[in-house]
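Participant: Got a predicted structure here, sequence first:
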Protein chains: 2
Amino acid sequence: MNQKLQRLQSLLKDVTNLNNASALLGWDQQTYMPPGGAAARAEQLATLEKLAHQLFTTDEIGQLLADLADAGFEYDSDEAALVRVARREYDLARKLPPALVEEMSRTFSLAQQIWQKARAEKDFSQFQDILAKIVDLNIQAAEAYGYDDNIYDALLNQFEPGMKTAEVDAVFNQLKAELVPLVQAISAKKETVDDSPLRQNFDEQAQWDFGLIPLRAIGFDFERGRQDKSAHPFTTSFSVNDVRVTTRVYKDQFATAIFGTLHEGGHALYEQGSAAELDGTMLAGGTSLGVHESQSRLWENVVGRSRAFWQFYYPRLQEFFPAQLGQVSLDDFYRAINRVEPSFIRVEADEVTYNLHIFLRFELEQELLTGRLAVADLPAAWNAKMQSYLGVTPPDDSQGVLQDIHWSGGMMGYFPTYTLGNVMSLQFYNRALADIPDLPEQFARGEFGALLGWFREHIHRHGRKYTATELIRRTTGDDGIKAGPYLAYIRQKYSDIYGLGE
Amino acid sequence: MNQKLQRLQSLLKDVTNLNNASALLGWDQQTYMPPGGAAARAEQLATLEKLAHQLFTTDEIGQLLADLADAGFEYDSDEAALVRVARREYDLARKLPPALVEEMSRTFSLAQQIWQKARAEKDFSQFQDILAKIVDLNIQAAEAYGYDDNIYDALLNQFEPGMKTAEVDAVFNQLKAELVPLVQAISAKKETVDDSPLRQNFDEQAQWDFGLIPLRAIGFDFERGRQDKSAHPFTTSFSVNDVRVTTRVYKDQFATAIFGTLHEGGHALYEQGSAAELDGTMLAGGTSLGVHESQSRLWENVVGRSRAFWQFYYPRLQEFFPAQLGQVSLDDFYRAINRVEPSFIRVEADEVTYNLHIFLRFELEQELLTGRLAVADLPAAWNAKMQSYLGVTPPDDSQGVLQDIHWSGGMMGYFPTYTLGNVMSLQFYNRALADIPDLPEQFARGEFGALLGWFREHIHRHGRKYTATELIRRTTGDDGIKAGPYLAYIRQKYSDIYGLGE
């Protein structure tokens, strides 16, 4: 049995190395690649992904996984987890024909370049044809994966293993029932919070330099990672010891860089936190996108937009920007960074309306995939839903349907994981707070080690060994994802800021 | 036959894509990778190179190459050239056992990290063991390649196909006979040239910014490439349309950045100049390291250190550095950048003594490979030869035996190609000058398009279709590499600068 395990590990190592190489090619594509490199890069990625797929989907690996399923490894052992996770991935990968995998890779890589140009030129029509192809490829993939009654289940399962569209619907409906009236109540008192201090002229280099301070303080290890700039912030990793984040800096929007940095930093802490012995195996990294997002949005919002965090950092920030913030009180700054206002761009949305952007995408994706909506009609449908959920209409497609990178990268079924992450983050955080009641006091002293240590212990070190639901059960005792803690957090924080019920 | 050709092209495309992906991983390793990423990177490169080797050395490709050898393609066609070049590479690659290829890749990748630390700490002993392994792996590779009577032939052939050690000896001996007395004559008049103006305090960002101006002017296309910083400057490419150079900037050594930039720029012009239809095939890129070096050293020295070049750029440079250079005449500057003085570092050596650094490495490599010299005795042997050829002894190993990246990357048999490039560059340039007699007047107007056009037409566009000797024959009519033109150029230029024979 040991020999079979070693053989499996050795075969999977090549697959992991190919995937990590692909991830570096993707990082470079978004950060440093010159424009001329795009076509060749698409070909390179297509080859790497084709080979990774070929090497992973061999009959030999199938046989090894079958043999090792009964090997008697303890459920919590790395060996059992490797066989479980590889089995799940193998079953998914075997269902996609190699020709489809290669076509998806090439299409998605080219689509990113087309999308970048279309977005820059605010012109959806440039992107329409290749998006239609992307929808079609996703339908082909979903059919190949198989599903019971909802095609969306097959795609969601890639990002949030085991989660059903119906479960998402249930959580989202509970959220909607409370968040939509909350946003309306806040809108009625919108003059309560002024965020104009955040929209002054902030030197870009100074913003970058300031952002590195909390990024380091929350525990991002620059010996095992780096931060660069890109059009759309992201986190990627090629090893537990090489985890990279990106951010973007806008001169006149202070919140973009700092909260982008904390968000990606949260993802990166998770990636850097896998146990050392998982490095280079299929078990390193985050177990699902929802759990990943629970980490990023925890550090961005629950920590990074808390009063305690800025009790420590605001005086330092004022030293960076005395002219802009010297006369702005901590309380006014805290309220400004938590201002709730319907707006166009998801990644810059406040904590509350953010979820409405997700509901919109979740619904539009389902309509596209079931053919109820044609790609040509997507911008109009997008704008109509924006009006309906948020009461605003994007002035152009770059601030509407073209804003996100996901579809250009071929990813459909991904967006709901953001809000699932919001929800999970509070399930985890409440448990951490029960274990370490003085966390906010620690934040106010610029100390984040205890919170990071809690996540390292309960979530990060496990890598992909346990599913999201298993992690929730192990850490909180809840039997699955629950909207309650998140809603209670939102209710309390924003009632306080906006004086609701007063 | 057409079907067989298409099949061959399709199989080779995956190999090329893997190799281009490896090149990006290597670029990242030298530019942006955090220290922690090294071990995983070595594993990733080992996998990519193992797979490229496996995919390239199949029996099927061997059969296709055999079948296509008699296909009747015209010698000058891309098809015939692809079969010729692939055949040559295939024969080399088949001779290396896959286990040796993987061990070399892993060893060389780790060795680079060890070398960087050893160099930083000026401590050869840290590098000694892995260098001994590198020598041994090179011996194993040479034995696997096979050779007639000189083991060095087998390694040289990897970088300068078809060239024999005996030919190199002949050219080097002719050079030595004239260059050694020349350096002595110059040393007797060393007070003639003062290069202290180059060793003032030059702002690093301003040096970087200035260097981009001539880099762009000689024709480097930033839409299809970029420049970054690294410890040791290099050029790499992942496509005809994605060619990257690096440079390094020292505050107190003005010559390092600008001439490094022009040197790598010369390599890059060659890589960017392959015909578009060769992109993604085995025929894109430079045909040998000697020809590659003929391009880099032409732009660095024959153009970049010419009086005409600086007639145009010196007034612009003075605007960047008025305090440092405002009072230095063009003539004094021209003499300063062409100062000849025995020194420790090859890449910063002047045009004349540079070749002596090469003779030293060429001889030491042969002694290591034949066992006449033990790795433990290398620093002493290095220093003794430095004293004998150049009359100086490095103060520590970082300025001696540890200065170059090549051995840490596993490359032995590579160094002689630098001086071969010097020699070829004048064979080519003299022909270009015969075709376009006013080249120096063009340089003095900041115009380099005609020279680049000449190289595009006669050298660059062919990629790897012709060997160095074929290119020399086609462009110059000479029957091979000849030291005469280079020696005449050196003699005239430096007699003028140093007033020799006056």
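Facilitator: Nice, thanks for sending it over.
Participant: Okay, domains of chain A per the record?
Facilitator: If you go by automatic domain parsing, the domain ranges for chain A are A:2-149, A:165-498.
Participant: for the nearest residue to A:G286 once chain neighbours are set aside, helix, strand, or coil?
Facilitator: Leaving out its chain neighbours, the residue that sits closest to A:G286 by Cβ to Cβ, 6 or more residues apart in numbering or on different chains is A:H292, at 4.0 Å. (Each C-beta comes from the backbone N, C-alpha and C, glycine too.) Recorded secondary structure, A:H292: helix (DSSP: H, G, I helix; E, B strand; the rest coil).
Participant: Contacts only, for A:H292.
Facilitator: Counting by Cβ atoms under 8 Å, 6 or more residues apart in numbering or on different chains, A:H292 touches A:267, A:270, A:286, A:417, A:421.
Participant: With A:S237 instead?
Facilitator: Residues in contact with A:S237 (Cβ under 8 Å, 6+ apart) are A:20, A:23, A:225, A:243-244, A:268, A:271-272, A:284-285.
Participant: do A:T353 as well
Facilitator: Contacts for A:T353 (Cβ under 8 Å, 6+ apart) come out as A:183, A:340-343, A:390.
Participant: of those residues, buried ones?
Facilitator: Among the contacts of A:T353, those buried by neighbour count (16 or more other Cβ atoms under 10 Å in any protein chain shown) are A:183, A:340-343, A:390.
Participant: Which ones among those residues map onto helices?
Facilitator: A:183, A:390 (DSSP state H).
Participant: buried stuff in the helix or strand containing A:E363?
Facilitator: Per DSSP states H and E: A:E363 is located in helix A:354-369. By 16+ other Cβ under 10 Å, the buried positions in helix A:354-369 come out as A:354-366, A:368-369.
Participant: Any chance you could list what contacts it?
Facilitator: For helix A:354-369, the external contacting residues (Cβ under 8 Å, 6+ apart) are A:135, A:138-139, A:142, A:151-152, A:155, A:165, A:168, A:172, A:175-176, A:179-180, A:183, A:342, A:346, A:349, A:372-373, A:375, A:378, A:381-382, A:385-386, A:389-390, A:404, A:412-413, A:415-416, A:418-419, A:422.
Participant: can you count the residues close to A:F333?
Facilitator: The tally of other residues near A:F333 (other Cβ atoms under 10 Å in any protein chain shown) stands at 20.
Participant: Spell out whether stretch A:210-227 and chain B are in contact.
Facilitator: Yes - Stretch A:210-227 is in contact with chain B by Cβ under 8 Å from any Cβ of the partner chain, via A:221-226.
Participant: Just the buried ones among the contacts of A:S237, please.
Facilitator: Among the contacts of A:S237, those buried by neighbour count (16+ other Cβ under 10 Å) are A:20, A:23, A:225, A:243-244, A:268, A:271-272, A:284-285.
Participant: Mind checking which of these are in strands?
Facilitator: A:225, A:243-244 (DSSP state E).
Participant: tell me the contacts of A:E277?
Facilitator: Residues in contact with A:E277, defined by Cβ under 8 Å, 6+ apart, are A:D78.
Participant: returning to that earlier point: which of the buried ones among the contacts of A:S237 fall in helices?
Facilitator: Mapping those onto helices (DSSP H) picks out A:20, A:23, A:268, A:271-272.
Participant: ok, and of the residues you listed, which contact chain B?
Facilitator: Filtering those for neighbours of chain B using Cβ under 8 Å from any Cβ leaves A:N20.
Participant: Closest one of the ones in helices among the buried ones among the contacts of A:S237 to chain B?
Facilitator: Ranked by distance to chain B (Cβ to the nearest Cβ), these are led by A:N20 at 5.4 Å.
Participant: Surely that closest one touches B:L45?
Facilitator: No - with contacts counted by Cβ atoms under 8 Å, A:N20 stays clear of B:L45, the gap being 10.7 Å.
Participant: From chain B, how far off is the spatially most central residue of chain A?
Facilitator: Centroid-nearest residue in chain A, with Cα atoms, centre = their mean: A:E293, separated by 4.6 Å. Using Cβ to the nearest Cβ, to the nearest Å, A:E293 is found at 24 Å from chain B.
Participant: neighbours around A:S105, how many?
Facilitator: When counting by other Cβ under 10 Å, one arrives at 23 neighbours for A:S105.
Participant: Could you double-check that it lies in contact with A:A52?
Facilitator: No - the criterion here is Cβ under 8 Å, and A:S105 misses it with A:A52 at 9.9 Å.
Participant: Report the contact partners of A:R346.
Facilitator: A:354, A:357-358, A:361, A:403-404.
Participant: try 7 Å this time
Facilitator: For A:R346, the contacting residues are A:354, A:357, A:403-404, by Cβ atoms under 7 Å, 6 or more residues apart in numbering or on different chains.
Participant: again, but for A:A185
Facilitator: Counting by Cβ under 7 Å, 6+ apart, A:A185 touches A:L500.
Participant: Confirm that it sits in a strand.
Facilitator: No - A:A185 is assigned helix when assessed by three-state DSSP, not a strand.
Participant: The helix or strand that A:A46 is a member of vs chain B: in contact?
Facilitator: For A:A46, the host element (DSSP H and E) is helix A:38-56. Yes - judged by Cβ under 7 Å from any Cβ of the partner chain, helix A:38-56 and chain B are in contact via A:39-40, A:43-44, A:47-48, A:51.
Participant: Pull the distance from that helix to the chain's centre.
Facilitator: Distance of helix A:38-56 from the chain centroid (Cα atoms, centre = their mean, to the nearest Å) equals 24 Å.
Participant: Does the helix or strand just after that helix pack against any helices or strands, and if so which?
Facilitator: Where DSSP H and E defines the elements, the next helix or strand beyond helix A:38-56 is helix A:59-69. Applying 3 or more Cβ pairs under 7 Å, 6 or more residues apart in numbering or on different chains; DSSP states H and E, one finds that helix A:59-69 contacts helix A:2-31, helix A:78-94.
Participant: other SSEs contacting the first one?
Facilitator: Packing partners of helix A:2-31 (3+ Cβ pairs under 7 Å, 6+ apart): helix A:38-56, helix A:59-69, strand A:235-239, strand A:242-247, helix B:2-31, helix B:38-56.
Participant: strand partners of the shortest one, parallel vs antiparallel please.
Facilitator: So that's strand A:235-239. strand A:242-247 (antiparallel) (DSSP bridges).
Participant: and the partner strand, average pLDDT?
Facilitator: Averaged across strand A:242-247, the pLDDT comes to 98.
Participant: Can you pull out the residues in contact with it?
Facilitator: Residues from elsewhere that reach strand A:242-247, judged by Cβ under 7 Å, 6+ apart: A:27, A:30-31, A:211, A:224-230, A:233-237, A:257, A:260-261, A:264-265, A:268, A:271-272, B:33-34, B:36-37, B:40.
Participant: residue contacts, the nearest residue to A:S274 once chain neighbours are set aside?
Facilitator: Excluding the flanking residues, the one nearest A:S274 by Cβ to Cβ, 6+ apart is A:G463, at 4.0 Å. Applying Cβ under 7 Å, 6+ apart to A:G463 gives the contacts A:274-275, A:278, A:283-285.
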